[in-house]
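Asker: coordinates only, sequence not included:
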């Protein structure tokens, strides 16, 4: 029985990886395990490796993973040996017992000649088991035995006293820890603009110290700004193309001047990241200042407080 149990554990910890590729784009679908119980988190990663000459279409992966609860998702992009590597990470939670499948995901793109092509990831089978184990003879309920008549001795009173002492000590420790928790300062949760401003300051410091290449600088700068706008307005800017962002900005999220500057910045950043355009040093600073200005502009303004006289009037 122990051998079977260990084998099940090994299967639960197995990692499922599938690669699909063509000459210009490779796709890797990966799950950290293929067997789990209801309510356990499953970490799924989709990795794209492609040439800067390609233009990847919007993926909309959350809609394709609707059989699971998508608890968390992140997107990271970097350049390695002249190749762009984008990773989409998801934390998925199943709530029903049975066989699941992370479907084959279609990745559409345009090559440098403008031709539309697609690559498909491999599907991944997932087995979700119940939290309740199977009932066996050893776990079945048996009848009650006859009660033994034991006289109370000194040992009974000693054990009772020790049990009461342990209970009292546990209660005292619980109340003491509860009091300490009340005195602990509450955790400070940063707002989206506070996070963005802090990340922008860190990026500027790294740039001034010469610790970050120009392409990586623009990847990080656009990622900070896109991530902030996504958290601030609830729009998927991180997974959207510049054209899709242009359509979203038709709503009055920004004033016209900032909207125009943002779109110009995103288009020029695409040239730096993917077309090997080398901007001037002054341009790097002005683009950072533009991102900082957009964050400052979209910070919610506090509502004015009416005086008592105004309310009476």
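Answerer: Happy to help now that I have it. Remember, predicted model here, so these are calculated numbers, not experimental data.

Asker: So which elements touch the lengthiest helix in the chain?
Answerer: If you go by DSSP state H, the chain has its longest helix at helix 154-183. Helices and strands touching helix 154-183, as assessed by 3 or more CB pairs under 8 Å, 6 or more residues apart in numbering; DSSP states H and E, are absent. Placement of C-beta: from N, CA and C, glycine included.

Asker: Domain map for the protein?
Answerer: Taking automatic domain parsing as the reference, the chain has its domains at 10-129, 192-297.

Asker: what does stretch 76-89 rub up against?
Answerer: Stretch 76-89 is contacted from outside by 43-52, 56, 59, 61, 72-75, 215-216, 219, 223, 273-274, using CB atoms under 8 Å, 6 or more residues apart in numbering.

Asker: for the stretch 51-200 of the chain, what spans make up the helices?
Answerer: Ranges of helices in the stretch 51-200 of the chain, per DSSP state H, counting those that start in this stretch, are 61-64, 154-183, 192-208.

Asker: hang on, the earlier thing: out of the domains of the chain, nearest to residue 163?
Answerer: Nearest to residue 163, of all these, is domain 10-129, at 35.3 Å by CB to CB.

Asker: what about that closest one, average pLDDT?
Answerer: In this model, domain 10-129 has a mean pLDDT of 82.

Asker: Stretch 275-285 now?
Answerer: Across stretch 275-285, the average pLDDT comes to 80.

Asker: Distance from the chain centre to it, please.
Answerer: How far stretch 275-285 lies from its chain's middle: 31 Å, per CA atoms, centre = their mean, to the nearest Å.

Asker: Identify the bridge partners of the spatially most central residue of the chain.
Answerer: Nearest to the geometric centre of the chain sits residue 73, at 3.1 Å (CA atoms, centre = their mean). Legend: beta-bridge partners of residue 73 under DSSP bridges are residue 90.

Asker: Report the contact partners of it.
Answerer: Applying CB under 8 Å, 6+ apart to residue 73 gives the contacts 61-62, 88-91.

Asker: what's in contact with stretch 226-238?
Answerer: 75, 192-193, 195-196, 223, 240, 245, 248, 253, 294-295, 298.

Asker: Next, the buried residues of that stretch.
Answerer: Within stretch 226-238, the residues scored as buried using 16 or more other CB atoms under 10 Å are 226-232, 235-238.

Asker: possible to save those residues as a markdown table with distance to residue 258, secondary structure and pLDDT?
Answerer: Formatted as a markdown table, the buried residues of stretch 226-238 follow (distance: CB to CB, whole Å; DSSP: H, G, I helix; E, B strand; the rest coil; pLDDT from 0 to 100):
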| residue | distance to residue 258 | secondary structure | pLDDT |
| --- | --- | --- | --- |
| 226 | 15 | helix | 88 |
| 227 | 17 | helix | 92 |
| 228 | 13 | helix | 88 |
| 229 | 11 | helix | 86 |
| 230 | 17 | helix | 89 |
| 231 | 18 | helix | 90 |
| 232 | 13 | helix | 85 |
| 235 | 16 | coil | 81 |
| 236 | 20 | coil | 85 |
| 237 | 15 | coil | 83 |
| 238 | 19 | coil | 86 |
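
Asker: TSV please, covering the residues you listed and showing distance to residue 38.
Answerer: Supplementary listing: the buried residues of stretch 226-238 in TSV, determined by distance: CB to CB, whole Å:
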residue	distance to residue 38
226	35
227	32
228	36
229	36
230	31
231	30
232	35
235	33
236	29
237	34
238	30
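
Asker: what about the residue lying closest to residue 110 once chain neighbours are set aside, neighbour count?
Answerer: Taking CB to CB, 6 or more residues apart in numbering, and ignoring the residues beside it in sequence, residue 110 has residue 55 as its nearest neighbour in space, at 4.6 Å. The number of residues packed around residue 55, counting by other CB atoms under 10 Å, is 16.

Asker: So residue 55 sits against residue 107, correct?
Answerer: No: contact criterion CB atoms under 8 Å: residue 55 and residue 107 do not qualify, at 11.8 Å.

Asker: that older thread, how far off centre is the longest helix of the chain?
Answerer: Taking CA atoms, centre = their mean, the mean C-alpha location of helix 154-183 is offset from the chain mean by 42 Å.

Asker: go on, stretch 106-114?
Answerer: For stretch 106-114, the distance between its averaged C-alpha position and the chain's averaged C-alpha position is 26 Å (CA atoms, centre = their mean).

Asker: Which residue ranges of the stretch 1-150 of the chain form strands?
Answerer: 16-21, 25-31, 35-37, 42-50, 55-56, 69-80, 83-93, 98-102, 106-110, 116-120, 124-129 (DSSP state E, counting those that start in this stretch).

Asker: Redo those strands as TSV? Include distance to residue 269.
Answerer: Below are those laid out as TSV (distance: least, CB to CB, whole Å):
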stretch	distance to residue 269
strand 16-21	27
strand 25-31	21
strand 35-37	40
strand 42-50	18
strand 55-56	14
strand 69-80	12
strand 83-93	14
strand 98-102	32
strand 106-110	19
strand 116-120	24
strand 124-129	34
